[in-house]
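# Whatever this is, show me its structure:
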Amino acid sequence: MADVVTGEAVVVEVRIAQLPTRGVALLIDWVVQWAALIVMYILLGSASLVTDTALATGLMILLTVLVLVGYPVAFETASRGRSLGKLAMGLRVVGDDGGPERFRQALFRGLAGFLEFWMFFGAPALITSLVNQQGKRLGDVFAGTIVISERGPRQEPPPEMPPGLAPWAASLQLSQLTGELASTARQYLSRWHQLGPDVRHQMGVRIAGQVSAVVAPPPPPGLPPHTYLAAVLAERRRREELRLAQARAAAPPFGGTYGGSSYGGAPYEAPYSGSPYDGAPYGGAPHGGTYGGTYGGAPQNSAPAPGNPPPPSDPTGPTPGGFVPPN
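Next comes the predicted model:
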């Protein structure tokens, strides 16, 4: 992976094409070019019997240059950075700023590629690609381009809720579960079937212990580590999707009203009071309050009314002992 800074000063992370993948793409392009050269040489050989020898030689040189240099330039310009080999391997040539490849850049790469691959048999390109951090060959250095891979690794499906654990998972307190820890648990579940029994159990207990230290209530007795992690991640994903759906449904349309006043129209009349939520459990407490009141059992953006004591804190809290392996 590498960071590319666009013209708008935005940092974009791209996947650099690996050297073996570029080698296979180059081999495909070579086969196409050699096939085109052989066909043209056969046709020129037949035409030289009835035409001038000097004319046939000039045509042969011209067509050779067009195939060796014009082929990559024409294809990369027309397809915005992809030749036939790159198209087959999922590669693309882009500028150093992440923009599409231009004709000038494709011409520089084509001329440099003629020297690198056809004159010196790819040695300069190989050495430069190994030395450069972004895997650039001489043509990429001169043209200001980079070859990226558009095919990312296959993503594993998100974990599903294990049977019978949905009611328990609905009462979990997940506010202290960080994204980094959730990503670690997700990677463990994606490779769970590839690990040996001992390594699988040790890693599962360790990661489940870290998760259960910041998640309450504790898991049911006898629950395996991978099942516990799958339930936690599935519940976390369900709440994120629910929160996103509620945010989209509550967003007013452009030019509509919000809290009794329109955008760009009359002045804002009153603070948004909202309406009670539907009572679905969220983090172990019902949605019984209003917007600006209690949300999941904790005060949000408002102080308690005068004379009323503050709501009691959660008596459960994080599990101090961590994950308890099954008996």
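
# pull the longest helix from the protein.
helix 19-47 (DSSP state H).

# tell me the mean pLDDT for that helix?
Here helix 19-47 scores 90 as its mean pLDDT.

# other SSEs contacting that helix?
The contact analysis (3 or more C-beta pairs under 8 Å, 6 or more residues apart in numbering; DSSP states H and E) places helix 19-47 against helix 53-65, helix 71-78, helix 84-89, strand 91-95, helix 123-131. All C-beta spots, glycine's among them, are computed from the backbone N, C-alpha and C.

# So which bits of it are buried?
Neighbour counts over helix 19-47 (16 or more other C-beta atoms under 10 Å) mark 21-23, 25-26, 28-29, 32-33, 36, 40, 44 as buried.

# Share the number of residues neighbouring the residue nearest to Ile28 when sequence neighbours are not counted, please.
Using C-beta to C-beta, 6 or more residues apart in numbering and skipping residues adjacent in sequence, the residue nearest Ile28 is Gly85, 3.5 Å away. Close neighbours of Gly85, defined as other C-beta atoms under 10 Å, add up to 23.

# hang on, Gly85 packs against Leu27?
Yes. Counting by C-beta atoms under 8 Å, Gly85 does reach Leu27; the two are 7.1 Å apart.

# and stretch 151-161, what's its mean pLDDT?
So the average pLDDT for stretch 151-161 ends up being 72.

# scratch that, stretch 50-65
Averaging pLDDT along stretch 50-65 yields 84.

# With only the CA atoms kept, save it in CSV.
Extracted in CSV, the C-alpha atoms of stretch 50-65 (Å, rounded to 0.1, in the frame of the first residue of the first chain):
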residue,chain,number,x,y,z
VAL,A,50,5.7,-7.2,-56.2
THR,A,51,7.0,-3.9,-54.7
ASP,A,52,10.3,-2.1,-54.3
THR,A,53,12.7,-3.6,-51.7
ALA,A,54,13.4,-0.2,-50.2
LEU,A,55,9.7,0.5,-49.8
ALA,A,56,9.1,-2.8,-48.1
THR,A,57,12.1,-2.2,-45.7
GLY,A,58,10.7,1.2,-44.8
LEU,A,59,7.3,-0.2,-44.2
MET,A,60,8.8,-2.9,-42.0
ILE,A,61,10.6,-0.4,-39.8
LEU,A,62,7.6,1.8,-39.5
LEU,A,63,5.2,-1.0,-38.6
THR,A,64,7.8,-2.4,-36.1
VAL,A,65,7.9,0.9,-34.3
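
# in that stretch, what's buried?
56, 59-60, 63-64.

# who touches Gly70 in this structure?
Gly110 (C-beta atoms under 8 Å, 6 or more residues apart in numbering).

# any idea how far it is from Ile38?
Counting by C-beta to C-beta, to the nearest Å, the gap from Gly70 to Ile38 is 17 Å.

# what separates Gly204 from Ala231, distance-wise?
Gly204 is 13 Å from Ala231, by C-beta to C-beta.

# Same question for Ser212.
11 Å.

# now Ile148, what's its secondary structure?
Under DSSP: H, G, I helix; E, B strand; the rest coil, Ile148 falls in the strand class.

# My guess is it contacts Arg15. True?
Yes. In this structure, Ile148 is within contact of Arg15 by C-beta under 8 Å, at 5.9 Å.

# between the two, who's got more neighbours?
A count of neighbours by other C-beta under 10 Å puts Ile148 above the other of Ile148 and Arg15, at 21 against 14.

# Please name the nearest non-neighbouring residue to Asp29.
Gly85 (4.0 Å).

# Repeat that for Gln176.
Here the nearest residue to Gln176 in space, its sequence neighbours aside, is Val214; by C-beta to C-beta, 6+ apart that works out to 4.0 Å.

# Report the contact partners of the one you found.
176-178, 181, 318.
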